[in-house]
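[1] this one's sequence-less:
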Ligand code: GRF
């Protein structure tokens, strides 16, 4: 599930295509029709579903449609890759222990938005990315895997984000490989 450019989704798809990850993407769900990830999914012939939250009266109605698509697709795991909507407790309960997210910091440091800017503002020398299971809190579920990234003196939010993103792509594939091997 994604909302934007979909580079993590692309990394996962690439790993599957190369035979490095034993998985199948059964559905790509976006809450935005103009997300780059949707265009990529269509280009690669993957089942892409745009479920725009703005077309639904409330969160429950939007999630009901997302759940309907998921029930059809029957995924083992729901992989959030830049999905910018909070999931309700009932949604999380339905896929309990099977929803993953990636976050651009070493959680529990810097949850929420602008994690890379928060890291710079605090002056940390090491940050990174975290793949974790999703629970009802904000970026708070059990951690599956982390990769550390050194902060350089001349880093800006852009340069640091770009460097962390490269590690995110490796981390997500590694985390999913672990789950696939279970
Ligand atoms: C990543 O930085 C991820 O950690 C965060 O949202 C961003 C998504 O990037 N949750 P992309 O759409 O996968 O390129």
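    Yep, that arrived. All of these numbers come straight from a predicted model, not from anything done at the bench. Numbers count the residues shown, from 1 in each chain.
[2] OK, contacts around the residue most central in space within the chain?
    By Cα atoms, centre = their mean, the chain has its centre lying nearest to residue 81, at 2.1 Å. Counting by Cβ atoms under 8 Å, 6 or more residues apart in numbering, residue 81 touches 1-2, 6, 8-9, 12, 37, 102, 172. Where you see a C-beta, it was placed from the backbone N, CA and C, and this is true even at glycine.
[3] possible to save the residues you listed as TSV with neighbour count and pLDDT?
    As requested, the contacts of residue 81 are exported to TSV (neighbours: other Cβ atoms under 10 Å; pLDDT from 0 to 100):
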residue	neighbour count	pLDDT
1	26	98
2	27	98
6	22	98
8	24	98
9	28	98
12	21	98
37	27	98
102	22	98
172	25	98
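[4] what domains does the record give for the chain?
    According to automatic domain parsing, the chain comprises the domains 1-96, 102-182.
[5] what distance do you get for residue 176 to residue 33?
    Per Cβ to Cβ, to the nearest Å, residue 176 is found 26 Å from residue 33.
[6] what ranges do the helices span in this protein?
    Applying DSSP state H to the chain gives helices spanning 7-17, 36-43, 59-73, 89-94, 115-122, 157-180.
[7] closest to the ligand out of those helices?
    Among the helices of the chain, helix 7-17 comes nearest to the ligand, with 3.1 Å by Cβ to the nearest ligand atom.
[8] just to revisit the earlier point, dump the residue contacts of the nearest residue to the residue nearest to the centre of the chain once chain neighbours are set aside.
    In space, and not counting its chain neighbours, residue 81 is closest to residue 8: 3.9 Å by Cβ to Cβ, 6 or more residues apart in numbering. Going by Cβ under 8 Å, 6+ apart, residue 8 touches 2, 81-82, 102, 168-169, 172.
[9] now swap in residue 59 and tell me
    Contacts of residue 59 (Cβ under 8 Å, 6+ apart): 53, 85, 88.
[10] contacting residues around the first one?
    Contacts here follow Cβ under 8 Å, 6+ apart; on that basis residue 53 touches 31, 59, 62, 85.
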